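Asker: predicted model and sequence follow; I will ask about them next.
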Amino acid sequence: MIVVFFMCPKFILKMLKFIPNRRISIYFIKLTRTIHQTLNMKNLKYILLFSCFLWSSFFAVTAVFLFYIANFNLSIDELLVVFLVASVGMAIPLAPSGFGTYHASMILALSWYGISKDSALSAAIVLHLIQLSPSIVLYFILFLFTKEKNILGKMS
C-alpha cells in the first residue's frame with residue numbers, strides 16, 4: 001500500500017474521490033497531498049534511515065540497561081524478544097506513553113526468562129523513565145519558551 005501511495009499518487013487521489021461524504025473526502029485528499037509532498041521518495045530514504053537509527057538506539061538502551069544495570073543475564077535473542085514485546089505493549093493505546101501496558105508487557109516478557117515480577121516491574125519503571133526523559137525535558141523547555149502558556153486554548 002505504501003508503494004502504491006508513493007508510486008501512484010494520482011490513483012490514490014482518484015480512489016479518495018469515491019468516499020461518499022464530501023467533507024471526509026476533501027480532508028483525505030488534502031492529507032494525501034500534504035503527505036506526498038512532505039515524504040517524497042528523496043526524503044523517504046532519510047526518514048527510513050532515521051527510523052532505523054532510532055529503533056536501534058532504543059534497543060541498545062534497553063539491552064544495556066537490562067544486561068548491565070539490572071543484571072538480568074539474558075542473551076541477545078532474549079533481549080530482542082523483551083524489546084519487541086515491550087514495544088508492542090507501549091503501542092497499545094490504553095494510556096498515554098504506554099503507562100501500564102508497557103510495564104505489563106515488560107513483566108510478561110521478562111517472566112518468560114525467569115525474572116521475578118518485582119524485579120521486572122522495577123526494571124520496567126526505571127527503563128520507561130529513562131526512555132521518556134528526553135521527551136519530558138524537551139517539552140518542558142518548549143513550554144518555558146512558548147509565549148502563550150494556556151495550552152488548552154482560550155476558553156469562552
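Answerer: Looks like it arrived, so ask away.

Asker: from here on, contacts and neighbour counts on C-alpha atoms
Answerer: Will do.

Asker: how many neighbouring residues does the nearest residue to residue 99 once chain neighbours are set aside have?
Answerer: Nearest residue to residue 99, sequence neighbours excluded (CA to CA, 6 or more residues apart in numbering): residue 90, at 7.5 Å. Residue 90 has 23 neighbouring residues, counting by other CA atoms under 10 Å.

Asker: please identify the helix or strand for residue 90.
Answerer: Per DSSP states H and E, residue 90 falls inside helix 76-91.

Asker: for that helix, packing partners?
Answerer: helix 41-64, helix 101-111 (3 or more CA pairs under 8 Å, 6 or more residues apart in numbering; DSSP states H and E).

Asker: so which bits of the first one are buried?
Answerer: Neighbour counts over helix 41-64 (16 or more other CA atoms under 10 Å) mark 59, 62-63 as buried.

Asker: what of stretch 132-149?
Answerer: Under 16+ other CA under 10 Å, stretch 132-149 has no buried positions.

Asker: again with stretch 78-96
Answerer: If you call a residue buried by 16+ other CA under 10 Å, then stretch 78-96 has these buried ones: 78-80, 82-87, 89-90.

Asker: likewise stretch 29-45?
Answerer: For stretch 29-45, using 16+ other CA under 10 Å, the buried residues are 29, 32.

Asker: pop the domain breakdown of this protein in here.
Answerer: Here the domain assignment for the chain is 2-39, 51-144, based on automatic domain parsing.
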